[in-house]
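1. could you work out the structure for the sequence below:
(one chain, ligands or ions: 1)
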Amino acid sequence: MEPLIFEKSQPGRRAYSLPALDVPTRPLEELLPLHLLRQQPAELPEVSEPELLRHYVRLSQLNYSVDTGFYPLGSCTMKYNPKLNERVAALEGFRALHPLQPDETVQGLLQLLYELGETLKTITGLADVTLQPAAGAQGELTGILMIRAYHHDRGEPWRRKVLIPDSAHGTNPASAAMAGFEVVTIRSNDAGRIDLADLERHLGDDVAALMLTNPNTLGIFEREVLTIEHLVHEAGALFYMDGANLNALVGIVRPGDMGVDCLHINLHKTFSTPHGGGGPGAGPVCVSERLRPYLPVPRIIHRDGRYALDWDAPKSIGRVHSFFGNVSVLIRAYAYIRMLGAEGLQRVSRDAILNANYLLSRIRHIYRQPYPETPMHEFVVTAADFKSLGIRTMDIAKRLLDYGFHAPTVYFPLIVPEAMLIEPTETETKQTLDAFADALLSIADEARTNAEILRSAPHRTPVRRLNDAAAARVLDVAWQGRTEAVEAAPTS
Ligand SMILES: *Cc1c(COP(=O)(O)O)cnc(C)c1O
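-> Down below sits the predicted model:
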């Protein structure tokens, strides 16, 4: 293995040259309390500029990214992120702003945020919006807190249940539970849609809301959405839609027309910000008239040709993020939307659906569709048929890495055994889709002729099969200080 940067360290080597200090300074002890000062200089590697550069470039090459290859991670919408967005977000006029500047001096940013909000209202067909939440999950919590405020305001605090289909993303029940609600699971039917009879059975005056994902996490459109909306509202509950799958709908249908009261949008998915590994993101929430009074403050308003922050909303649930939210993600989404325009955005959704259906048509004779419906922008297949060969979905996912692809989402949604949730997105060429389909078919052959190569995959990655959960939760990126310590550390 290439020596670590600490091991290359040689006293006196420097990767930088700074100009001499040209401002008066004072001894550190006068600036900071003595007990906070380091007694010994930090043990930093001393390397030359080329060595430093190679270190970071090498590290970056150990990663897989959407800029290096196909990334069909279902539900996550890992589309190509146009580099124009990065340029725009890094413009001096945005980058150099301070979050505490007075409103009068940030009119341009406020205008951008206001217009982004108006655009999202147009796209979703809903009455109002907050841009504050920093992720889909935080958008969900924001929405559910507004729904709680709504029922309390109407004198119905006994509405303590939130209904959620069994195919939902795990953040839905988590958000409802965090807001103090009791989560009730609604079954899916044989077509992979919400079971209407089960929904009706659970609706009543103790229900605060239904949280529905549409298209759902099987990639299937909830065709009965208008009936669902009717049933939910008739029971006095509100209709929450998880909008993470908006990439299938933009420019085609509007959640507002489906009677939705509350919808979070994952800007980092649908409207293209590099995401993954926990950030960055933005999860704006759009609401119907019913929930408008409860939106977070401050709200950006446009009055007499000026943009301002309005705190005057007595029923608001309050602030959910400091300053204006994750501004750089909001700027990227704005640039992306303006670049594509209404027609371009509709094409995004149409092409996303086309790509998913094309890819499915190439593999479904081998990888079975548990719910054989025409999917939208993503689809679920199962590898359960490979179990008799001693092969699990995880083996196929790991083998895909050897073929140079990122694996799809696996073992989700939970209602499908040995699930693979595949979302190609609209930004991939037919050649890439074919190459991926060929890889999956070739792996299916290997499962029959050389199962061991799947079970021991991956073979060509910087690290082999890791304990994914531990790698994410017991993260240890610190250099142990000595080569022996590194070698002694357990490697999984
Ligand atoms: C991604 C996703 C979420 C959560 O969004 P984050 O931005 O990751 O918090 C919620 N629901 C669905 C269906 C998703 O795909």
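
2. if I look at Q10, how far off is E43?
-> With distances defined as CB to CB, to the nearest Å, the gap from Q10 to E43 amounts to 14 Å. The way it works is simple: take the backbone N, C-alpha and C, and place the C-beta from them, glycine included.

3. likewise L291?
-> Counting by CB to CB - L291 and E43 are separated by 54 Å.

4. which of those two has more residues huddled nearby?
-> The neighbour count for L291 versus E43, taken as other CB atoms under 10 Å, is higher for L291 (23 against 10).

5. can you tell me the SS state at that one?
-> helix (DSSP: H, G, I helix; E, B strand; the rest coil).

6. again, but for L53
-> helix.

7. could you pull out the helices in the stretch 1-150 of the chain for me?
-> All helices of the stretch 1-150 of the chain, identified by DSSP state H, counting those that start in this stretch, fall at 28-31, 49-62, 83-89, 92-95, 107-124, 136-153.

8. and those helices as TSV, adding mean pLDDT?
-> Formatted as TSV, the helices of the stretch 1-150 of the chain follow (pLDDT from 0 to 100):
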stretch	mean pLDDT
helix 28-31	85
helix 49-62	92
helix 83-89	97
helix 92-95	95
helix 107-124	98
helix 136-153	98
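
9. and those helices, which is most packed in?
-> Between the helices of the stretch 1-150 of the chain, helix 136-153 has the highest mean count of neighbours, a mean of 24, where neighbours are mean count of other CB atoms under 10 Å.

10. report the contact partners of the residue of the stretch 101-250 of the chain found nearest the ligand.
-> With CB to the nearest ligand atom as the measure, G136 is the residue of the stretch 101-250 of the chain nearest to the ligand, at 2.3 Å. For G136, the set of contacting residues under the criterion of CB atoms under 8 Å, 6 or more residues apart in numbering consists of 171, 242, 244, 264, 266, 269, 281, 283.

11. again, 10 Å this time
-> Listed by CB atoms under 10 Å, 6 or more residues apart in numbering, the contact partners of G136 are 169, 171-172, 175, 242-244, 264-269, 281-285.

12. now stretch 251-259, how far from the centre of its chain.
-> The gap between the average C-alpha position of stretch 251-259 and the chain average comes to 21 Å, counting by CA atoms, centre = their mean, to the nearest Å.

13. and stretch 370-388, by the same measure?
-> The chain centroid and the centroid of stretch 370-388 are separated by 22 Å, computed with CA atoms, centre = their mean.

14. and if you look at stretch 247-256?
-> The chain centroid and the centroid of stretch 247-256 are separated by 18 Å, computed with CA atoms, centre = their mean.

15. is it positioned near the ligand?
-> No: counting by CB under 6 Å from any ligand atom, the ligand has no neighbours in stretch 247-256; the shortest distance is 10.0 Å.

16. okay, buried residues for that stretch please.
-> Buried residues in stretch 247-256, counting neighbours by 16 or more other CB atoms under 10 Å, are found at 247-251, 254-256.

17. and what of stretch 72-83?
-> By 16+ other CB under 10 Å, the buried positions in stretch 72-83 come out as 72-79, 81-82.

18. and the end-to-end length of that stretch?
-> 20 Å (CA to CA, to the nearest Å).

19. same thing with stretch 98-116?
-> Distances were taken as CA to CA; on that basis the terminal residues of stretch 98-116 are 20 Å apart.

20. give me the contacts around it.
-> Outside of stretch 98-116, the residues that reach it under the criterion CB under 10 Å, 6+ apart are 88, 91, 93-94, 97, 129, 131, 267, 271, 282, 284, 298-302, 305-309, 322-325, 327, 330-331, 333-335, 337-338.

21. so which residues of the stretch 151-300 of the chain form strands?
-> With DSSP state E, counting those that start in this stretch as the definition, the stretch 151-300 of the chain shows strands at residue ranges 161-165, 182-186, 207-213, 238-242, 262-264, 285-287, 299-303.

22. which strands or helices does the fifth one pack on?
-> This points to strand 262-264. In this structure, strand 262-264 packs against helix 136-153, strand 238-242, strand 285-287, with contacts taken as 3 or more CB pairs under 10 Å, 6 or more residues apart in numbering; DSSP states H and E.

23. quick check, that strand touching the ligand?
-> No: applying CB under 6 Å from any ligand atom, one finds that strand 262-264 is not in contact with the ligand, the shortest distance being 7.6 Å.

24. can I get the helices of the stretch 1-150 of the chain in JSON lines with distance to R14?
-> Listed next are the helices of the stretch 1-150 of the chain as JSON lines, based on distance: least, CB to CB, whole Å:
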{"stretch": "helix 28-31", "distance to R14": "21"}
{"stretch": "helix 49-62", "distance to R14": "8"}
{"stretch": "helix 83-89", "distance to R14": "30"}
{"stretch": "helix 92-95", "distance to R14": "28"}
{"stretch": "helix 107-124", "distance to R14": "38"}
{"stretch": "helix 136-153", "distance to R14": "42"}
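
25. my guess is A208 contacts G143. True?
-> No: with the criterion set as CB atoms under 10 Å, A208 and G143 do not qualify as a contacting pair; they are 11.3 Å apart.

26. which neighbours do the two share?
-> Both A208 and G143 are contacted by 176, 179, 238, 240, under the criterion CB under 10 Å, 6+ apart.
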